[in-house]
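>>> need coordinates for the following:
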Amino acid sequence: MEECLCIFDKIIMSMSYKYLIIFVIFLSVIASGCATQRGSVRALPGFLQNPIVDSNITLSKALEKPAPEEFKKRQRLVEVLYYSFDGKIHKGQVVIEKRLVKDIKKVFNAALENKFPVKSAIPISSDVFFTNGKWNEDNQSMMSNNSAGFNYRKVTGGNYLSNHAYGFAIDINPVQNPYIKADVVLPPGAVYDINAPGTLTEDLAIVKTFKRLGWKWGGNYKDLKDYQHFEKALL
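Residues are numbered from 1 along each chain as shown. From the prediction side, this is the model:
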């Protein structure tokens, strides 16, 4: 930085006072550039440095719920940042198939940049969803408006494995974005209101990003609506 400053010593001495303030601003920009060239790294804004932690578990803990080993070994734990409904930055975790890690990061970055609120992102094997000696993760996760990916289970109302079982799917804000088929609404009592914060619609950056990356949105299903659900089957 000293090298940058010395270039302007004589110029400063000869300048009229009325231009001095403008020149000082210009000089600070040049000095900042010199510091960058010397290898300094600009720190992240404070509000991103100290997020509220919703989940901070290990991958082994995130995969604690029983599932075949060949399914578990393909999963990865992704840390994500997001605005929550309290207007603050939170940090959570998503378990997803290893080939979809980059996609999940891009989607949550889009949500963060556009201040789309996400209630929480907590893996379904968290102790939060283990009560009375059994896993109640799916219902509890939905009722708590939690966003989650990998979950070894069958499809809702069916007998074959869900794409969640492979780590090929994620649900976002279930309370604002319910599963609706005839009279069945999950979570119970949820209402899809496009004017409510956290509700997914076609025009939002998070939905557009999912689609651009090749994911299907349950809000586009014909025989039912699964507004919370996104999937990208890789089998």
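>>> only C-alpha atoms from now on, for both contacts and neighbour counts.
Noted.
>>> show me the helices in the chain, by range?
2-6, 9-14, 20-37, 46-49, 59-62, 69-72, 101-113, 137-143, 205-212 (DSSP state H).
>>> taking the mean pLDDT, what do you get for stretch 141-150?
Averaging pLDDT along stretch 141-150 yields 94.
>>> first vs last residue of it, how far apart are they?
12 Å (CA to CA, to the nearest Å).
>>> run through who's touching that stretch.
The contact list for stretch 141-150 (CA atoms under 8 Å, 6 or more residues apart in numbering) reads 75, 94-97, 118-124, 129, 164-176, 186-187.
>>> find the residue at the geometric middle of the chain.
Nearest to the geometric centre of the chain sits residue 108, at 3.0 Å (CA atoms, centre = their mean).
>>> and that one, how close does it get to residue 65?
Taking CA to CA, one finds residue 108 at 25 Å from residue 65.
>>> kindly report the same for residue 231.
Distance from residue 231 to residue 65, counting by CA to CA: 21 Å.
>>> per-domain residue ranges of the chain.
2-37, 46-231 (automatic domain parsing).
>>> which residue, neighbours along the chain excluded, lies closest to residue 101?
residue 78 (6.8 Å; CA to CA, 6 or more residues apart in numbering).
>>> list the buried ones in stretch 170-188?
170-180, 186-187 (16 or more other CA atoms under 10 Å).
>>> ok now do residue 192, which residues does it touch?
Counted by CA under 8 Å, 6+ apart, residue 192 has contacts 176, 177, 178, 199.
>>> show me which pair in the residues you listed is furthest apart.
Spanning the widest gap among the contacts of residue 192 are 178 and 199, at 9.6 Å by CA to CA.
>>> now do the end-to-end distance for stretch 220-230.
Using CA to CA, the two ends of stretch 220-230 sit 10 Å apart.
>>> give me the buried positions along it.
For stretch 220-230, by 16+ other CA under 10 Å, it's 225, 226, 227, 228, 229, 230.
>>> so how far is stretch 177-186 from its chain's centroid?
Distance, stretch centre to chain centre, for stretch 177-186: 24 Å (CA atoms, centre = their mean, to the nearest Å).
>>> whoops, I mixed them up, stretch 105-120
5 Å.
>>> also stretch 149-161?
Worked out by CA atoms, centre = their mean, stretch 149-161 lies 22 Å from the chain centre.
>>> and the strands in the chain?
Using DSSP state E, the strands found in the chain span residues 52-53, 75-83, 89-97, 120-121, 130-131, 134-135, 146-147, 169-171, 179-181, 184-186, 216-217, 225-226, 229-231.
>>> TSV for these, including distance to residue 208?
As requested, the strands of the chain are arranged in TSV below (distance: least, CA to CA, whole Å):
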stretch	distance to residue 208
strand 52-53	27
strand 75-83	17
strand 89-97	20
strand 120-121	20
strand 130-131	34
strand 134-135	33
strand 146-147	18
strand 169-171	15
strand 179-181	20
strand 184-186	24
strand 216-217	10
strand 225-226	17
strand 229-231	12
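>>> if anything else comes up later, I'll come back, but that's it for now.
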